[in-house]
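J.: Sequence and predicted structure are below.
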Amino acid sequence: SHIDTTLALLAPGKVLVNPTFTDVKKLPRVFDKWDVLIAPDPVPFNTRPRLMSNWISINTLMLDEERIIVEKRQAPLIKKLKDWGFKPIPCDFEDHYPFIGGFHCATLDVRRQGKLESYA
């Protein structure tokens, strides 16, 4: 399966994990000191053709350490992100799913501000 439907690095020390595709107890050791956030079950999408898993729901886009773009129909994920201290920005994106990708897949960093840092 696609990595962006399996786990997502959200911020320094925070990883979002799909509990269906990942055995949380067997995550790589680099995540031992991280907050492991378990994604809620996704809201199924209606777009055709269905070429990917409903777990495209966790294919999000971080704008900074708090703001995260998430598909607007993913109410359970939006609620969890708020509970975890993030600031979700719901956006309509399901019509892009036939092209086999979510927010992270459909974007490319052209320019970033700030310094390069390692999350490890």
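T.: Structure's in. What do you need?

J.: When you work out contacts or count neighbours from here on, use the C-alpha atoms and nothing else.
T.: Fine.

J.: Enumerate every residue touching the spatially most central residue of the chain.
T.: Closest to where the C-alpha atoms of the chain average out (CA atoms, centre = their mean) is Ile58, at 3.3 Å. By CA atoms under 8 Å, 6 or more residues apart in numbering, the residues touching Ile58 are 4-8, 16, 18, 39, 70, 77.

J.: again with Leu7
T.: For Leu7, the contact set (CA under 8 Å, 6+ apart) comprises 15-18, 58.

J.: again, only this time at 10 Å
T.: Applying CA atoms under 10 Å, 6 or more residues apart in numbering to Leu7 gives the contacts 15-19, 21-22, 36-39, 55, 58-59.

J.: For ChimeraX, what selects the buried ones among the residues you listed?
T.: To isolate the buried members of the contacts of Leu7 in ChimeraX, using 16 or more other CA atoms under 10 Å:
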select :15,16,17,18,36,37,38,39,55,58,59
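
J.: can I get the contacts of Leu7 in TSV with secondary structure?
T.: Below are the contacts of Leu7 laid out as TSV (DSSP: H, G, I helix; E, B strand; the rest coil):
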residue	secondary structure
Val15	strand
Leu16	strand
Val17	strand
Asn18	coil
Pro19	coil
Phe21	coil
Thr22	coil
Val36	strand
Leu37	strand
Ile38	strand
Ala39	coil
Trp55	helix
Ile58	helix
Asn59	coil
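
J.: For the contacts of Leu7, point out the one with the lowest pLDDT.
T.: In terms of pLDDT, Trp55 ranks lowest among the contacts of Leu7, with 80.

J.: Please enumerate the helices of the protein.
T.: For the chain, helices defined by DSSP state H occupy the ranges 75-83.

J.: so what strands line up beside the lowest-mean-pLDDT helix or strand in it?
T.: None of the helices or strands of the chain scores lower by mean pLDDT, DSSP states H and E than strand 61-62, at a mean of 88. Within its sheet, and counting by DSSP bridges, strand 61-62 is paired with strand 67-71 (antiparallel).
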